[in-house]
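Participant: Have a look at this fold, sequence not included:
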Ligand code: A3D
């Protein structure tokens with residue numbers, strides 16, 4: 001059986017980390033694509049030389065030519081620019097929208113059967129635009145944000161309670177911005193609802209609120225500390241989990257920016273919702289019961305996403 005082909009569009013900080021993880025896991029052969037000349041080729045060479053040490057056979061190549069992504073099974077898109085300190089994700093809209101247009105056309109012309117995972121920010125708007133530009137079916141184009149945001153929430157809760165991260169099942173819905181919705185009612189410590197666990201451990205409600213707030217601002221905290229660029233290890237790890245769910249037909253239920261038609265009272269936009277990923281791509285959006293407060297928080301978050309879609313349509317008339 002031929003090996004799978006993974007195309008990484010954007011070979012910067014996340015792209016390079018994705019290539020390393022995908023190679024170590026032998027997910028398939030890897031093409032690092034970027035507009036920067038020499039850079040993806042250099043990273044591919046460097047990463048290939050990890051092979052003898054780590055014992056992987058994955059072929060890693062670098063390219064500036066979309067023809068080299070032909071026939072890719074999975075495409076992970078990080079092309080564009082990341083935030084600098086003081087910038088919001090939305091400040092990236094104008095530049096990254098143009099990038100999505102070029103990337104969408106590259107995918108359409110070379111690997112229209114791929115499962116495409118978008119990471120470029122502002123995530124919910126960029127995955128929508130990438131889908132529009134590529135013309136792929138909605139179930140084959142998805143955004144990565146919820147897996148990362150939920151992992152951030154889980155990390156902070158595990159630290160607070162001094163328990164293993166393996167036992168924390170945290171859940172974040174909505175758009176990938178400061179209005180995202182960490183859903184405490186579906187967050188458990190190995191099945192024990194987080195608010196009950198907090199009572200057992202003597203952790204106050206206001207402390208849980210602080211953790212929710214830190215989760216919402218988790219990306220900005222890292223941007224501020226790095227001083228140049230944004231998080232890349234955990235974003236790459238999150239997208240790899242989604243790619244594995246697709247390639248292995250795992251039917252995992254992961255919070256993803258998926259296309260929502262009807263559920264949650266939403267229609268025609270991408271936003272973070274629990275999603276089953278298997279060989280059919282995003283096979284199902286799962287609609288869960290939310291409290292009134294969670295519903296109104298989700299509304300604030302989706303309104304913010306809708307505003308960004310309007311801004312995209314204003315910037316590129318082909319999207320209107
Ligand atoms: P960076 O290291 O700058 O890599 C981006 C790469 O994209 C660079 O190598 C550029 O040369 C390349 N590029 C620019 N334009 C094009 C183009 N037209 N075609 C192909 N390649 C191009 O950034 P990064 O890897 O740190 O971050 C990439 C994106 O992910 C940014 O938009 C971040 O904001 C975003 N991001 C999202 C999350 C989410 O959770 C959604 C988390 C972290 C970062």
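Facilitator: Nice, I can see it. Note that the structure is a prediction, hence the values are computed from the model and not measured.

Participant: Now the chain against the ligand: closest residue?
Facilitator: Closest to the ligand within the chain is residue 12: 1.9 Å, counting by CB to the nearest ligand atom. For the C-beta atoms, the positions are set from N, CA and C on the backbone; glycine is no exception.

Participant: How about that residue: what's its closest non-neighbour residue?
Facilitator: Excluding the flanking residues, the one nearest residue 12 by CB to CB, 6 or more residues apart in numbering is residue 78, at 6.4 Å.

Participant: Now for that neighbour: which residues touch it?
Facilitator: The neighbours of residue 78, taking CB atoms under 8 Å, 6 or more residues apart in numbering as the test, are 8-10, 12, 14-15, 18, 119-120.

Participant: Now the buried members of those.
Facilitator: Neighbour-count burial (16 or more other CB atoms under 10 Å) applied to the contacts of residue 78 gives 8-10, 12, 14-15, 18, 119-120.

Participant: Can you give me the distance of residue 292 to residue 83?
Facilitator: From residue 292 over to residue 83 the distance is 33 Å, taken as CB to CB, to the nearest Å.

Participant: any idea how this structure splits into domains?
Facilitator: 3-142, 144-312 (the TED database).

Participant: The last one close to the ligand?
Facilitator: Yes. Part of domain 144-312 sits near the ligand under the criterion CB under 6 Å from any ligand atom, namely 144-145, 148, 176, 219, 229-232, 235.

Participant: Filter the residues you listed down to the ones in helices?
Facilitator: Under the assignment DSSP state H, these contribute 148, 219, 235 to helices.

Participant: from those residues, which is closest to residue 51?
Facilitator: residue 235 (23.9 Å; CB to CB).

Participant: low pLDDT regions in the stretch 201-320 of the chain?
Facilitator: By pLDDT under 70, the stretch 201-320 of the chain has no low-scoring segment.

Participant: 90 - rerun?
Facilitator: 320 (pLDDT under 90).

Participant: for it, what spans make up the helices?
Facilitator: 205-216, 218-226, 233-247, 292-315 (DSSP state H, counting those that start in this stretch).

Participant: Could you list the buried residues of the second one?
Facilitator: Going by neighbour count (16+ other CB under 10 Å), the buried part of helix 218-226 is 218-220, 222-223, 226.

Participant: what do you get for the first one?
Facilitator: Applying a neighbour-count criterion of 16+ other CB under 10 Å, one finds 208, 211-212, 215-216 buried in helix 205-216.

Participant: swap in the last one?
Facilitator: Within helix 292-315, the residues scored as buried using 16+ other CB under 10 Å are 294, 297-299, 301-302, 304-306, 308-309, 312.

Participant: Then the third one?
Facilitator: When burial is assessed from 16+ other CB under 10 Å, helix 233-247 yields the following buried residues: 234-236, 238-247.

Participant: Now residue 112. Nearest residue, chain neighbours left out?
Facilitator: Closest to residue 112 by CB to CB, 6+ apart is residue 136, at 6.2 Å.

Participant: Just read off the phi/psi values of residue 232.
Facilitator: Backbone torsions of residue 232, given as degrees, to the nearest 10, read phi -140, psi -30.

Participant: Which residues are in contact with the closest residue to it other than its chain neighbours?
Facilitator: Nearest residue to residue 232 in three dimensions, chain neighbours excluded: residue 13, at 3.9 Å (CB to CB, 6+ apart). By CB under 8 Å, 6+ apart, the residues touching residue 13 are 82, 229-230, 232.

Participant: ok, now residue 175?
Facilitator: Contacts of residue 175 by CB under 8 Å, 6+ apart are 123-124, 257, 271-272, 301-302, 304-305.

Participant: what about 7 Å?
Facilitator: 124, 271-272, 301-302, 304-305 (CB atoms under 7 Å, 6 or more residues apart in numbering).

Participant: With residue 281 instead?
Facilitator: 115, 139-140, 246.

Participant: quick one: which of those residues has the most company?
Facilitator: residue 115 (25 neighbours; other CB atoms under 10 Å).

Participant: wouldn't that residue be in contact with residue 141 here?
Facilitator: No. With contact defined as CB atoms under 7 Å, residue 115 does not count as touching residue 141 (8.2 Å).
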